[in-house]
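Asks: Quick check, what structure comes out for this input:
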Amino acid sequence: MITPGTFPISSGTAEIVPDPWTDGVFLLKVNGVESSQLNPDRPETLGFEYMRWAAAVLTHRFAPDARLRVLHLGGAGCTFARWVTHTYPASHQLAVELDAGLAAVAREHFDLPRAPQLKIRVGEAGEVLAGLRDATREVVFRDVFAPDPADPTGALHVTPAHLTGLDAAAHAARVLTPGGVYLLNIGGGPDLTSVRREVAALTETFAHVEVMADPAMLKGRRRGNVIAAASSAPLSADGLGGRSALARALRSDALPAQLLDDVVAFTAGLTPDATPLVTPAEG
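Replies: Just a heads-up that it's a prediction; the model follows:
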């Protein structure tokens, strides 16, 4: 049972509040920012649209009996990890969370799967990714945001630069098994340059890249989330309906998403970020 409340964490406070739109469902807020939706009775239900889009990628790539090893870069409430356990019960997962207090709140209050189904490691996402052995994960899901140092209000959150460029993509490719999937939750606004630059890093590293978001986001009309998926193999398995089935699933979502037709054109003229995943001083 989830009990609402406010809890001290390493970076400030975490709040668990009832979701005003859905009975029996809760929201996790980290320093006032909505981070996760928690449905204690239905882990297969994902309230945030970007998670549903990411889930669609996996269900059109891996059969239900797949034994997945999943790395989550960014843990928060581990909502997506709970979905993975429900959908792929044989999976083993590692969630990396920078905030030790938040990791403790999630483990204590959210009835998460226990190890070895789900382990939570307190650490910096880039350092953990860089330290993993080659070909040890079928899925890497990056969902990391921090306050934008260029925003004096502290309201805008972005993915730290060292997780967005060529070095991060190369390490993800190294850690993945052949045909494994690198999923990224990318935040962006009307200027899609940062999103396109991230996708450019993927196209230089992986043979297959898909990009999806709601059409208004891709047209630069609003701020929102983009899901990118990258792999050494086609991202939609023929036996699970192929790319057309993934596109139909995205269009039928409660917030319909569009599968980008031409990723190469989307990234034309953009140079990926060259920031190293881990600097020599840190490594």
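Asks: Residue 171 and residue 128 touch, don't they?
Replies: No: judged on C-beta atoms under 8 Å, residue 171 makes no contact with residue 128 at a distance of 10.1 Å. Using the backbone N, CA and C atoms, a C-beta is placed for each residue, glycine as well.
Asks: So the two - more neighbours on which side?
Replies: Legend: neighbour count by other C-beta atoms under 10 Å for residue 171 and residue 128, higher for residue 171 (23 against 18).
Asks: Shouldn't the more buried one be within a helix?
Replies: Yes: counting by DSSP: H, G, I helix; E, B strand; the rest coil, residue 171 is located in a helix.
Asks: Just list the residues touching it, thanks.
Replies: 129, 130, 277 (C-beta atoms under 8 Å, 6 or more residues apart in numbering).
Asks: And residue 232, by the same measure?
Replies: Taking C-beta under 8 Å, 6+ apart, we find residue 232 in contact with 173, 176, 178, 179, 180, 206, 207, 208.
Asks: For ChimeraX, write a command that selects the buried ones of the residues you listed.
Replies: Buried residues within the contacts of residue 232, by 16 or more other C-beta atoms under 10 Å, are selected in ChimeraX with:
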select :173,176,180,206,208
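Asks: neighbours of residue 72, just the number please.
Replies: 26.
Asks: What are the phi and psi values at it?
Replies: Dihedral pair for residue 72: phi -100, psi 110, per degrees, to the nearest 10.
Asks: In PDB, list the C-alpha atoms belonging to the top strand by length along the chain.
Replies: For the chain, the longest strand by residue count, based on DSSP state E, is strand 176-188. Presented in PDB, the C-alpha positions along strand 176-188 are these (Å, rounded to 0.1, in the frame of the first residue of the first chain):
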ATOM      1  CA  LEU A 176      24.200  -4.100 -25.500                       C
ATOM      2  CA  THR A 177      24.000  -7.600 -26.800                       C
ATOM      3  CA  PRO A 178      23.700  -8.000 -30.600                       C
ATOM      4  CA  GLY A 179      20.200  -6.700 -31.500                       C
ATOM      5  CA  GLY A 180      19.800  -5.100 -28.100                       C
ATOM      6  CA  VAL A 181      17.900  -1.800 -27.800                       C
ATOM      7  CA  TYR A 182      19.000   1.600 -26.500                       C
ATOM      8  CA  LEU A 183      16.000   3.600 -25.500                       C
ATOM      9  CA  LEU A 184      16.300   7.300 -24.800                       C
ATOM     10  CA  ASN A 185      13.700   9.800 -23.300                       C
ATOM     11  CA  ILE A 186      14.800  13.100 -24.800                       C
ATOM     12  CA  GLY A 187      13.200  16.400 -23.700                       C
ATOM     13  CA  GLY A 188      12.900  19.200 -26.100                       C
END
